[in-house]
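Chemist: Below are the sequence and a predicted model; questions follow.
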Amino acid sequence: MKWANLTKSLCLILFCALIACQTGQTDLQLQERDLLEYGIPITIEVPDSAEIKSMDWGIQKDISISGVTGYSLQIFSSKASTHNLSVAIRDLKQTVEDGVYFSQFTLEEEDGFIFEMMIDTVVNYDFRHLKIQGDNEYLFQAGMSDSFTREQIEMLYNIAKKAR
(Lines give C-alpha, C1' and ligand atoms only; values in the text may rest on other atoms or scores of the structure.)
Protein backbone atom coordinates (compact mmCIF):
# COMPACT_ATOMS: atom_id res chain seq x y z
CA MET A 1 0.00 0.00 0.00
CA LYS A 2 2.84 2.38 0.90
CA TRP A 3 4.60 1.65 -2.39
CA ALA A 4 1.44 2.36 -4.36
CA ASN A 5 0.97 5.74 -2.63
CA LEU A 6 4.65 6.57 -3.09
CA THR A 7 4.46 5.70 -6.79
CA LYS A 8 1.31 7.81 -7.25
CA SER A 9 2.94 10.73 -5.43
CA LEU A 10 6.10 10.54 -7.55
CA CYS A 11 4.01 10.42 -10.75
CA LEU A 12 2.02 13.45 -9.61
CA ILE A 13 5.20 15.40 -8.81
CA LEU A 14 6.73 14.45 -12.17
CA PHE A 15 3.55 15.49 -14.00
CA CYS A 16 3.49 18.88 -12.20
CA ALA A 17 7.17 19.45 -12.95
CA LEU A 18 6.61 18.77 -16.65
CA ILE A 19 3.69 21.20 -16.79
CA ALA A 20 5.72 23.85 -14.96
CA CYS A 21 8.56 23.50 -17.47
CA GLN A 22 6.17 23.81 -20.41
CA THR A 23 4.38 26.92 -19.11
CA GLY A 24 7.69 28.72 -18.54
CA GLN A 25 8.29 28.86 -22.27
CA THR A 26 6.60 31.77 -23.96
CA ASP A 27 6.63 32.80 -27.58
CA LEU A 28 7.92 36.31 -28.05
CA GLN A 29 5.47 38.63 -29.76
CA LEU A 30 7.74 40.77 -31.95
CA GLN A 31 7.01 43.95 -33.82
CA GLU A 32 9.17 46.08 -36.09
CA ARG A 33 10.77 49.07 -34.42
CA ASP A 34 12.65 51.91 -36.10
CA LEU A 35 15.78 52.79 -34.12
CA LEU A 36 16.36 56.15 -35.82
CA GLU A 37 15.25 57.99 -32.68
CA TYR A 38 18.17 56.26 -30.93
CA GLY A 39 20.66 57.44 -33.54
CA ILE A 40 20.86 54.54 -35.99
CA PRO A 41 18.86 54.03 -39.21
CA ILE A 42 17.94 50.39 -38.51
CA THR A 43 14.53 48.73 -38.26
CA ILE A 44 14.49 45.55 -36.19
CA GLU A 45 11.96 43.21 -34.60
CA VAL A 46 11.65 43.72 -30.83
CA PRO A 47 9.18 42.64 -28.16
CA ASP A 48 6.57 45.29 -27.40
CA SER A 49 7.70 45.61 -23.78
CA ALA A 50 11.45 45.73 -24.52
CA GLU A 51 13.53 48.50 -23.02
CA ILE A 52 15.83 50.34 -25.44
CA LYS A 53 18.83 52.29 -24.18
CA SER A 54 21.30 54.32 -26.20
CA MET A 55 24.79 55.49 -25.32
CA ASP A 56 26.86 57.71 -27.58
CA TRP A 57 30.58 57.22 -26.96
CA GLY A 58 31.62 59.73 -29.62
CA ILE A 59 33.22 57.33 -32.08
CA GLN A 60 30.64 54.62 -31.43
CA LYS A 61 26.95 54.34 -30.54
CA ASP A 62 25.73 51.49 -28.35
CA ILE A 63 22.05 50.48 -28.50
CA SER A 64 20.91 47.89 -25.94
CA ILE A 65 17.52 46.21 -26.29
CA SER A 66 16.44 44.06 -23.33
CA GLY A 67 13.88 43.58 -20.59
CA VAL A 68 12.31 40.37 -21.91
CA THR A 69 13.58 36.91 -20.99
CA GLY A 70 15.41 35.35 -23.94
CA TYR A 71 15.72 38.63 -25.84
CA SER A 72 18.75 40.83 -25.27
CA LEU A 73 20.49 42.49 -28.20
CA GLN A 74 23.31 44.98 -28.44
CA ILE A 75 24.00 46.98 -31.59
CA PHE A 76 27.20 48.96 -32.04
CA SER A 77 27.28 51.66 -34.71
CA SER A 78 30.52 53.24 -35.89
CA LYS A 79 32.39 54.35 -39.00
CA ALA A 80 33.20 51.35 -41.15
CA SER A 81 36.81 50.24 -40.78
CA THR A 82 36.52 48.61 -44.21
CA HIS A 83 33.86 48.31 -46.88
CA ASN A 84 34.91 44.73 -47.58
CA LEU A 85 32.48 42.58 -45.58
CA SER A 86 34.58 39.41 -45.83
CA VAL A 87 37.63 41.19 -44.37
CA ALA A 88 35.54 42.67 -41.54
CA ILE A 89 33.99 39.27 -40.70
CA ARG A 90 37.40 37.58 -40.81
CA ASP A 91 38.72 40.16 -38.31
CA LEU A 92 35.67 39.69 -36.04
CA LYS A 93 36.12 35.92 -36.12
CA GLN A 94 39.79 36.26 -35.20
CA THR A 95 38.94 38.54 -32.26
CA VAL A 96 36.33 36.05 -31.00
CA GLU A 97 38.65 33.07 -31.54
CA ASP A 98 41.38 34.77 -29.50
CA GLY A 99 38.98 35.02 -26.52
CA VAL A 100 39.82 32.95 -23.46
CA TYR A 101 36.44 31.15 -23.37
CA PHE A 102 36.03 30.50 -27.11
CA SER A 103 35.21 26.87 -27.88
CA GLN A 104 34.01 26.59 -31.50
CA PHE A 105 32.04 28.19 -34.31
CA THR A 106 28.64 26.54 -34.74
CA LEU A 107 27.49 28.56 -37.77
CA GLU A 108 29.54 30.60 -40.22
CA GLU A 109 27.99 32.81 -42.92
CA GLU A 110 29.34 35.61 -45.07
CA ASP A 111 27.86 38.35 -42.85
CA GLY A 112 28.02 36.73 -39.42
CA PHE A 113 28.53 33.71 -37.22
CA ILE A 114 27.39 31.93 -34.08
CA PHE A 115 29.93 30.57 -31.62
CA GLU A 116 30.13 28.52 -28.47
CA MET A 117 31.97 29.52 -25.32
CA MET A 118 32.96 27.22 -22.48
CA ILE A 119 33.24 28.93 -19.10
CA ASP A 120 34.47 26.25 -16.69
CA THR A 121 31.97 23.51 -17.56
CA VAL A 122 29.12 25.82 -18.58
CA VAL A 123 28.36 26.14 -22.29
CA ASN A 124 27.13 29.52 -23.51
CA TYR A 125 26.49 30.87 -27.01
CA ASP A 126 26.85 34.25 -28.71
CA PHE A 127 26.87 35.65 -32.21
CA ARG A 128 28.16 38.49 -34.35
CA HIS A 129 26.30 39.85 -37.35
CA LEU A 130 27.65 42.78 -39.37
CA LYS A 131 25.88 45.18 -41.69
CA ILE A 132 27.79 47.82 -43.65
CA GLN A 133 25.64 50.68 -44.94
CA GLY A 134 27.35 53.62 -46.58
CA ASP A 135 30.25 54.68 -44.37
CA ASN A 136 28.85 53.04 -41.24
CA GLU A 137 28.95 49.54 -39.84
CA TYR A 138 26.40 48.01 -37.48
CA LEU A 139 27.59 45.14 -35.31
CA PHE A 140 24.85 43.02 -33.74
CA GLN A 141 25.52 40.68 -30.82
CA ALA A 142 23.75 39.20 -27.82
CA GLY A 143 23.47 41.33 -24.69
CA MET A 144 26.60 41.08 -22.60
CA SER A 145 24.98 40.53 -19.20
CA ASP A 146 22.94 37.45 -20.12
CA SER A 147 23.73 33.85 -21.00
CA PHE A 148 21.92 32.09 -23.83
CA THR A 149 21.13 28.65 -25.16
CA ARG A 150 21.93 27.81 -28.75
CA GLU A 151 18.23 28.10 -29.70
CA GLN A 152 17.95 31.58 -28.16
CA ILE A 153 21.09 32.74 -29.96
CA GLU A 154 19.84 31.33 -33.26
CA MET A 155 16.61 33.31 -32.79
CA LEU A 156 18.51 36.54 -31.99
CA TYR A 157 20.90 35.96 -34.89
CA ASN A 158 17.98 35.56 -37.31
CA ILE A 159 16.38 38.73 -35.97
CA ALA A 160 19.67 40.59 -36.54
CA LYS A 161 19.90 39.18 -40.09
CA LYS A 162 16.40 40.47 -40.89
CA ALA A 163 17.17 43.97 -39.58
CA ARG A 164 17.19 46.56 -42.33
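Modeler: Arrived safely.
Chemist: ok now stretch 150-160, how far from the chain's centre?
Modeler: Computed by CA atoms, centre = their mean, to the nearest Å, the separation of stretch 150-160 from the middle of its chain amounts to 6 Å.
Chemist: wait, stretch 38-49
Modeler: The answer for stretch 38-49 is 14 Å, by CA atoms, centre = their mean.
Chemist: For it, buried residues please.
Modeler: 38, 40, 42, 44, 45, 46, 47 (16 or more other CB atoms under 10 Å). C-betas here are computed from N, CA, C, even on glycine.
Chemist: what does stretch 90-105 give?
Modeler: Result for stretch 90-105 [16+ other CB under 10 Å]: buried residues 92, 93, 96, 102.
Chemist: doesn't the third one fall inside a strand?
Modeler: So that's residue 96. No: inclusion of residue 96 in a strand is not indicated when DSSP: H, G, I helix; E, B strand; the rest coil is applied; the result is helix.
Chemist: Can you pull the phi/psi pair for residue 158?
Modeler: Backbone torsions for residue 158, taken as degrees, to the nearest 10, come to phi -70, psi -40.
Chemist: now it: how far from residue 124?
Modeler: According to CB to CB, to the nearest Å, residue 158 stands 18 Å off from residue 124.
Chemist: circling back to that earlier point, which of the buried residues of stretch 38-49 sit farthest apart?
Modeler: Across these, the longest distance by CB to CB is 18.6 Å; it joins 40 and 47.
Chemist: Relative to the whole chain's centre, how far out is whichever strand or helix holds residue 116?
Modeler: Under the criterion of DSSP states H and E, residue 116 resides in strand 112-119. Remark: strand 112-119 is offset 11 Å from the chain centroid, using CA atoms, centre = their mean.
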